[in-house]
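# 3D, please:
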Amino acid sequence: MEEKTQTNGKSSQRMIREAIRKIALGRSIERIDMAPSGTAGVGTARMVHGYVAKVHNNPNDEEYEEYAGTIDVREFPDETASSEPIIHKGVLLSGLQDNSGGFLIIPLLYSDVTIVMDAATHYTYVLNYSHAQVIQLTAHEETSIGVRETEELDPDDNNSPDYNELPATGNETATKYTATEIQTMAKNKDGKKAEVNITPESILQKLDKSEVSQTGNRLEQKVGSTSVTIQDKKVTIGEESANEPLVLGNQLAQLMLEFLTECSKITTPTLMGTMPALNIPNFTSLTSKIQNFLSKTAYTK
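As a prediction, the model looks like this:
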């Protein structure tokens with residue numbers, strides 16, 4: 001009788017422990033139970049689905065000093081057996097709360113997230129997200145981002161090459177960042193290619209026969225052998241070595257008006273007295289055409 005009582009007592013204790021375990025883990029208990037036996041670490045981590053309840057990025061907030069650089073995640077109601085809302089505070093967005101470098105994603109407030117929680121250390125990390133406010137990728141040496149288009153995979157052909165063996169179409173874009181330079185390239189299968197190189201001292205853009213080169217004191221736009229160069233207090237058109245100065249349109253027009261006016265005053269002495277030039281009407285006609293050679297869109301000073 002005593003042995004039966006002890007057995008019932010142990011069974012009750014196991015039931016109580018299991019109930020507490022289910023409440024604590026919520027639906028995660030199903031994932032743990034489904035995990036294959038013998039897998040190292042099974043049961044030491046928990047995956048939680050929820051949404052961002054708070055982003056700790058306000059220095060004036062009373063929790064900022066403790067939770068700066070983290071977020072709070074509230075579990076979805078169907079993810080837990082608890083009747084009270086469960087909020088995980090201080091969920092890390094990267095390896096450290098100092099998010100000034102490395103790879104970082106800051107989800108938007110109220111966006112859906114999946115976090116993983118280590119039962120041993122009690123640290124929680126963002127694993128997945130639905131909407132991002134900030135995506136940061138900072139490397140010590142080099143970062144490359146690009147797209148290289150390939151031919152389509154034929155899933156019905158057993159002899160079709162694998163994805164890594166598919167031939168490239170020629171359409172491609174790429175950007176490479178280093179500590180001192182940014183290189184961007186875009187090209188297509190027709191052989192057209194555009195490039196942009198940026199350094200702290202210069203910017204160079206190339207597209208077919210055109211080129212734009214910029215430094216701190218010089219800007220040149222070039223197509224073939226024709227260029228426009230801008231420097232402090234100097235603009236050259238045609239090529240940088242051009243040495244013929246441009247004229248000032250208004251002043252030239254005024255000079256032409258005065259010149260034609262004086263020409264129209266020319267007189268010639270004859271036997272019949274002083275006579276005006278025979279082509280006086282032509283001077284008047286030319287005067288009316290002076291404004292026609294002034295540009296309506298291009299100006300100089």
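# Show the pLDDT at the residue of the chain positioned farthest from its centre.
Within the chain, Leu271 marks the point farthest from the mean C-alpha position, 86.6 Å out by CA atoms, centre = their mean. pLDDT recorded at Leu271 is 74.
# now swap in Asn60 and tell me
94.
# and if you look at Tyr163?
The predicted local confidence for Tyr163 is 81.
# OK, contacts around the spatially closest residue to it that is not a sequence neighbour?
Counting by CB to CB, 6 or more residues apart in numbering, Tyr163 lies nearest to Leu153, which is 6.2 Å off, once chain neighbours are set aside. C-beta: built from backbone N, CA, C; applies to glycine. Contacts of Leu153 were listed using CB atoms under 8 Å, 6 or more residues apart in numbering, and they are Ser160, Tyr163, Leu166.
# what about Asp112, how many neighbours?
Other residues lying near Asp112 total 16 when counted by other CB atoms under 10 Å.
# didn't Ile135 look like it was pressed against Ile105?
Yes. Ile135 lies in contact with Ile105 (CB atoms under 8 Å); the separation is 5.5 Å.
# Name the helix or strand of the chain that has the lowest mean pLDDT.
helix 28-34 (a mean of 54; mean pLDDT, DSSP states H and E).
# Helix or strand next in line after that one, which one?
With elements assigned by DSSP states H and E, the helix or strand that comes after helix 28-34 is strand 45-55.
# strands paired with that following strand, and their directions?
Within its sheet, and counting by DSSP bridges, strand 45-55 is paired with strand 70-75 (antiparallel), strand 112-118 (antiparallel).
# What's the mean pLDDT across the longest one?
Confidence over strand 112-118 (mean pLDDT, whole number) is 89.
# Now do the buried residues in the helix or strand following that strand.
Sequence-wise, the next helix or strand downstream of strand 112-118 (DSSP H and E) is strand 124-129. Buried positions in strand 124-129, judged by neighbour count with 16 or more other CB atoms under 10 Å: Thr124, Val126, Tyr129.
# between strand 124-129 and strand 45-55, how big is the angle?
Interaxial angle, strand 124-129 versus strand 45-55 (axes from the mean of the first three to the mean of the last three CA atoms, to 10 degrees): 80 degrees.
# Please name the residues that touch Met185.
Glu172, Thr173, Ala174, Thr175, Lys193, Ala194, Glu195, Val196 are the contacts of Met185 under CB under 8 Å, 6+ apart.
# Kindly report the same for Thr180.
Here Thr180 is in contact with Thr199, Pro200 (CB under 8 Å, 6+ apart).
# Low-confidence regions, the protein specifically.
1-10, 16-44, 78-83, 119-120 (pLDDT under 70).
# Can you pull the domain assignment for it?
2-138, 249-293 (automatic domain parsing).
# and the ones you listed, which is most packed in?
Mean neighbour count (mean count of other CB atoms under 10 Å) peaks for domain 2-138 among these, with a mean of 14.
# Sketch out the strands for the stretch 151-300 of the chain, chain order is fine.
Ranges of strands within the stretch 151-300 of the chain are 168-178, 182-187, 193-198, 202-207, 210-215, 218-223, 226-231, 234-238, 267-270, 273-276, based on DSSP state E, counting those that start in this stretch.
# Regarding Asn60, what are the backbone dihedral angles?
phi -80, psi -10 (degrees, to the nearest 10).
# Now do Ala168 against Pro161, distance only.
Going from Ala168 to Pro161 by CB to CB, to the nearest Å gives 12 Å.
# Could you give the number of residues near the closest residue to Asn188 other than its chain neighbours?
Counting by CB to CB, 6+ apart, Asn171 is the residue found nearest to Asn188 once chain neighbours are left out, at 5.2 Å. Neighbour count for Asn171, taken as other CB under 10 Å: 14.
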